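Q: heads up, no residue letters with this:
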């Protein structure tokens, strides 16, 4: 059974940290692009970060999280993480994991809520 499950969201104060997890089951994360997206209320979904396992692990970040976020992969656990530090209220959103293997599959998780508030 194919599943992509995010976790790790929650309520955190400004300046705090969270580590989001994206666990894949029923398929491999090899030869894929794994991305983290977020959608805040009333806004369009935006890409936050991605890791390209197809090329050995190149990583990319949207400007608004550069220096505050780190994406990583644990091959043994078939999991991708997004470590977010120095969180700001504008980081509040539902965070989604997406895995694309061109021409083979394109999966989305159900999302995990991140709320940054004092």
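A: All right, it came through fine. Computed from a predicted model, the values in this text were never measured in an experiment.
Q: Contact partners for residue 30?
A: Residues counted as contacts of residue 30 (C-beta atoms under 8 Å, 6 or more residues apart in numbering) are 53, 54. (C-beta placed from N, C-alpha, C; glycine too.)
Q: That one should be in a helix, yeah?
A: No: with DSSP: H, G, I helix; E, B strand; the rest coil as the criterion, residue 30 is coil rather than part of a helix.
Q: what pLDDT does it get?
A: If you check residue 30, the pLDDT there is 89.
Q: What is the end-to-end distance of stretch 20-32?
A: For stretch 20-32, the first-to-last residue distance is 19 Å (C-alpha to C-alpha, to the nearest Å).
Q: So for it, what gets flagged as buried?
A: 20, 21, 22, 23, 24, 27, 29, 32 (16 or more other C-beta atoms under 10 Å).
Q: Identify the farthest-apart pair in the residues you listed.
A: Greatest spatial distance in the buried residues of stretch 20-32: 20 and 27, 19.5 Å, computed using C-beta to C-beta.
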